[in-house]
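Q: Test case, fold it:
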Amino acid sequence: MAVGVESPWRIERDAFARAFGGAFLFGMPLLFTMEMWWIGESLSRPQLVGLLALALLVNIALAYFSGFRRGACTFRNALLQAVEACAVGVVVAIFVLVALNQINGSASFGAILGMLIVQAAPLSVGASVATAVFDPDKGRVGDESANASPLRELLSDVGATAGGALFLGFAIAPTEEVPLLAVGLGLPHAIGLVALTLTAMYVIVFASGFDPDHRDRVDPGLFQEPFSESVLAYVVSLLVAVVLLVCFGQLLSGDPISSVLKEALVLGVPASIGGAAGRIIT
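A: Residues are numbered from 1 along each chain as shown. Alright, predicted model coming up:
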């Protein structure tokens, strides 16, 4: 293979990383809306089919003009990419709703199917518009910060993470969904939620190609390695989540530690996604 030419496997991997990252970024608030969980149970099969068809048509148009793959797109490729975007939306919805214990053995197949279709529609649109919003050819580090010290880069990451976490977490922290979801979390779901959140953060910042300068740093500092930076950003996002929950009265001084931890983990998902977005646009 010629030097400087990306392998087809890496191109495909980066394309789907952008799609999953976009779905998480733009669809996360809707995944935490109880009306979105329940409405799928009340919609009829024709309504669900119509919603899925509408999502497919919208994604075809978006894929034709932008999409999560680079380069020009024919109508046939736009159709295939729209189907892939809808599939990405379904997969993201499954992972998040299972981790939040909204898909479990007590739900009927029809209810689960309706929930997934309702959630997959906006998630698929997020997958399709991600590249247009976050230009993969425009890194966040920039020429001026190319020689920045590791400490300065660390402080920049922490500040951007906190700002993004505050922005997205602020809209969800006062809602009833946070304590409602926290009550239903067992230990396996809590562990799954942590793993899912860290994976989503890594995909958005490092694997998606939204920020190639950040991913390809030549001499990263201690907290600029993918794993260490993701863990640090997650801790910062959890702290922001706890502060927001306290400020909105969701957490009180007498609450047991287990309740505090569960609510922090629940709100930590959108807060961490917001923090990841803050790091790639700063």
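Q: Which residues are in contact with L187?
A: Shown in contact with L187 (C-beta atoms under 8 Å, 6 or more residues apart in numbering): no residues. For every residue, glycine as well, the C-beta is placed using N, CA and C.
Q: can you check the one 5 residues further on too?
A: For G192, the set of contacting residues under the criterion of C-beta under 8 Å, 6+ apart consists of V98, A99.
Q: so how far is I191 from P270?
A: Here P270 is placed at a distance of 19 Å from I191 (C-beta to C-beta, to the nearest Å).
Q: So between these two, which is more surrounded?
A: More neighbours surround P270 than the other of P270 and I191, with 26 against 13 (other C-beta atoms under 10 Å).
Q: Helices of the chain, start to end?
A: For the chain, helices defined by DSSP state H occupy the ranges 8-31, 34-42, 45-65, 75-99, 109-133, 150-172, 177-183, 187-202, 212-215, 226-247, 257-281.
Q: so how far is L57 from A120?
A: Separation of A120 from L57 (C-beta to C-beta): 14 Å.
Q: So which of the two has more stuff around it?
A: In this view A120 and L57 are compared by other C-beta under 10 Å, and A120 has more residues nearby, 26 against 11.
Q: pLDDT weak spots in the chain?
A: 1-6, 66-67, 70-73, 131-149, 209-224, 282 (pLDDT under 70).
Q: Okay, domains of it per the record?
A: Using automatic domain parsing, the domain parsing of the chain gives 8-133, 150-281.
Q: Now for L31: which residues touch it?
A: So L31 contacts A93, V96, L97, L100, Q119, L123 (C-beta under 8 Å, 6+ apart).
Q: Can you get me a residue count around the residue nearest to the third one when sequence neighbours are not counted?
A: Using C-beta to C-beta, 6 or more residues apart in numbering and skipping residues adjacent in sequence, the residue nearest L97 is I103, 4.5 Å away. By the measure other C-beta under 10 Å, the count of residues near I103 is 19.
Q: pretty sure I103 contacts V96?
A: No: with contact defined as C-beta atoms under 8 Å, I103 does not reach V96; the gap is 9.3 Å.
Q: Return the most buried member of the helices of the chain.
A: Burial of the helices of the chain is given as mean neighbour count (mean count of other C-beta atoms under 10 Å); helix 257-281 ranks first at a mean of 24.
Q: Can you name every helix or strand that that one contacts?
A: helix 8-31, helix 150-172, helix 177-183, helix 187-202, helix 226-247 (3 or more C-beta pairs under 8 Å, 6 or more residues apart in numbering; DSSP states H and E).
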